[in-house]
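Trainee: pasting the structure only:
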């Protein structure tokens, strides 16, 4: 418990932010205002890239969902009938993933 308290004190958000800005200011030679602007833009860029990536994955999953549901129904039906000969074929069938063009 004492160790976790020390870690929380070390990772205090405002202190960590100020230390990061001081580090950018000292290493780059920019003014504090420029360091703040660079940090803000970097964080916003990272967030936008993450959001775009998440939306692409979500769109791809929703596009593939009907075909995946059909394949799952085929596998479930064959498993219920006890017919495993075509089940391997269903598992090896390919799902077409749309290009991101």
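Mentor: Thanks, I have the structure now. None of these values were measured; they are calculated from a predicted model. Numbers count the residues shown, from 1 in each chain.
Trainee: so, low pLDDT: which residues of this protein?
Mentor: For the chain, the stretches with pLDDT under 70 are 1-12, 83-101.
Trainee: which residues of the chain fall in strands?
Mentor: For the chain, applying DSSP state E gives no strands.
Trainee: tell me how many other residues crowd residue 39.
Mentor: Number of residues near residue 39 (other C-beta atoms under 10 Å) recorded here: 14. C-beta here means a position set from N, CA and C on the backbone, and glycine is covered the same way.
Trainee: please report how far residue 29 lies from residue 80.
Mentor: Counting by C-beta to C-beta, to the nearest Å, the gap from residue 29 to residue 80 is 70 Å.
Trainee: typed the wrong thing, it's residue 25
Mentor: Distance of residue 25 to residue 80, given as C-beta to C-beta: 67 Å.
Trainee: so between those two, which is more surrounded?
Mentor: Between residue 25 and residue 80, counting by other C-beta under 10 Å, residue 25 is the more crowded of the two (17 against 8).
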